[in-house]
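**Student:** dropping the sequence and predicted coords here.
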Amino acid sequence: MMYKDYMGALTACDELMQQRTKYLMDILKVKGDIHMLSSDYKSAEKVYEIVLKKYRLVWAVFNMGKVYFYTRRFMDARTTFRSLIDENDMFIPAYDWLARTLEELGDKKGAQSVLEEAIRISPKAIFRQRALGTVSFKNKDFDMAESSFKQAVKLGKTSVFKESSDYTQLAKVFVKKNDTAHALSMIEEVKADFSDSDEVLLQATLIEGHIYAETDRHDKSLESLREAERILKKLDNKIPPELAIEISETYIKFGEKEKGMELIKYVVMNNHSDNDVINKVQETFRGLGMADEGIDFVAETKGEIIGVNNKGVDLINKGMLEEAINLFEKAADGLPSNFIININALRAIVGYMHKNGRDDRYLYKCEKYIERINDIDPNNMKFLQLVDRYNAIKCTESSAAEVY
C-alpha cells in the first residue's frame, strides 16, 4: 500500500483470507481501505457488505456511509452518518461527513448546524473550523464565518495544516462586512506569511483588487489586476481551477471579457468531467449575470472535449491504435490537466506496445502522461493498472538488447 501497489496488496489480502485466519475482519478492513484509496467504491461496498452481514462494526458502517457519499447516494449517506451520531454523539468524524452530505443535498443551513454542534465538542480541529467558515459564508452568516476563519488562522499558526485560504477567506468575510481596513490587513498578513508562494500572492492580489474596486479606488484596483497578470505569466498558467475561475471573473468584471472567457474555457476543457469545477463555473456566471450564456458556453465547451474523447475511444476499440494515439496526443498537449484525455492517451500507447512490442519512443511518451496523471488522480485504479502494464512492457528486453 505504501508503494501504491494496490493490486499486489489486494492479492496479499486474498492469500491471507484463504488461510482461514482469525484476523478475517482486520484483513477485510485493509482490503476495504485499498479499494477506497483507489476510488473503487463498487468493490469497497462489497467488502463492507460482507462485514456488516456478520457484525455491525463502526468502521464498516462509517466507511459504507462514505461509499454512499462518493457514489452520490446522499440520502443513504445521511441516514448512515446520522445513525452513528445517534449511537455515539462523541463520534466526531460522523458529524463532518453528515455536514458534507447535507451540503450536497442542498441543505446548507443543516450542514452549518451540524458543524456548529461538532465544534462545541471539538473546537480545536482546524479542518472543522475551516469547513464551518466555508458553509457559514455560503449561508451569509458572516459573524460565524469570521469566528471560524479566525480560529482556523490561529490554529494554523502552529500547525502543519496551515493554509493561505483561511486568511483569504477571512479577508472576503471582512469585505462582505464592509470592514475594508481589516480586509486589507489580512491581505498584508497572508502576503507576509506565504511570501514564498506565487500562487498565494496571486490570490491575495486578486482579492486586494476586489477590495479596491468595492471602495471605488479604481486606479489601485487596475494596478492589482496588472500585478495579478504578471504573477500568472510567471506561473505559466499552472494554477488550480478555482483560482483560474476567480481570475476569469475578475477579467470580466473589469471589462476584459475576451480574456476571461478564454481562461474559463481552458478551465472547463481541462475539467469537463469534474462536477465541482463545472458547478463553480456556472455559479460564477450566475454571479456575473450571465447565467444563460454560461449554460450554453459550458455545454458547447464540454461537447468539444466529449466529441474528441469519444472519437479516440472508438479508434481504440476498433484497434486503430496509431490513429488514436495521434488524436489523443494532440488533444492532451492542449489539455495537460484533463484526466480523461490524458489517461486515454496513455491507454492508447500502452495498448499499442502490448500489441506490437516495446518501443522506447512510446515508453518515453508514457512517462509524460504518467507524470501528469500523478498530479491529477494518482490513486485511480484504472491508472494504476495501466502503470502496471507500462512497467511490465518496460521490463521486457528489446530486440536490440537480445542481440548483444
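**Tutor:** That came through, no problem. Numbers count the residues shown, from 1 in each chain.
**Student:** for the stretch 101-250 of the chain, what spans make up the helices?
**Tutor:** 108-121, 126-138, 142-156, 164-176, 180-193, 198-214, 218-234, 241-253 (DSSP state H, counting those that start in this stretch).
**Student:** can you add mean neighbour count, mean pLDDT and distance to Glu304 and give those back as JSON lines?
**Tutor:** Quick note: C-beta positions are derived from backbone N, CA and C, even for glycine. Below are the helices of the stretch 101-250 of the chain laid out as JSON lines (neighbours: other Cβ atoms under 10 Å; pLDDT from 0 to 100; distance: least, Cβ to Cβ, whole Å):
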{"stretch": "helix 108-121", "mean neighbour count": "19", "mean pLDDT": "96", "distance to Glu304": "33"}
{"stretch": "helix 126-138", "mean neighbour count": "22", "mean pLDDT": "95", "distance to Glu304": "31"}
{"stretch": "helix 142-156", "mean neighbour count": "21", "mean pLDDT": "95", "distance to Glu304": "38"}
{"stretch": "helix 164-176", "mean neighbour count": "22", "mean pLDDT": "92", "distance to Glu304": "31"}
{"stretch": "helix 180-193", "mean neighbour count": "17", "mean pLDDT": "92", "distance to Glu304": "37"}
{"stretch": "helix 198-214", "mean neighbour count": "21", "mean pLDDT": "87", "distance to Glu304": "28"}
{"stretch": "helix 218-234", "mean neighbour count": "16", "mean pLDDT": "86", "distance to Glu304": "24"}
{"stretch": "helix 241-253", "mean neighbour count": "20", "mean pLDDT": "88", "distance to Glu304": "17"}
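**Student:** who wins for proximity to Gly32 among those helices?
**Tutor:** helix 126-138 (22.6 Å; Cβ to Cβ).
**Student:** which secondary structure elements does the closest one contact?
**Tutor:** Counting contacts by 3 or more Cβ pairs under 8 Å, 6 or more residues apart in numbering; DSSP states H and E, helix 126-138 packs against helix 92-104, helix 108-121, helix 142-156, helix 164-176.
**Student:** of those helices, which approaches His35 most closely?
**Tutor:** Closest among those, using Cβ to Cβ: helix 92-104, at 17.7 Å.
**Student:** if we can go back for a sec, quick one, which of the helices of the stretch 101-250 of the chain gets closest to Leu57.
**Tutor:** Leu57 lies closest to helix 108-121 among the helices of the stretch 101-250 of the chain, at 22.4 Å (Cβ to Cβ).
**Student:** ok, and what's touching the closest one?
**Tutor:** Applying Cβ atoms under 8 Å, 6 or more residues apart in numbering, the contact partners of helix 108-121 are 89-90, 92, 95-96, 98-100, 102-103, 125, 128-129, 131-132, 135-136, 138-139, 141, 144, 148.
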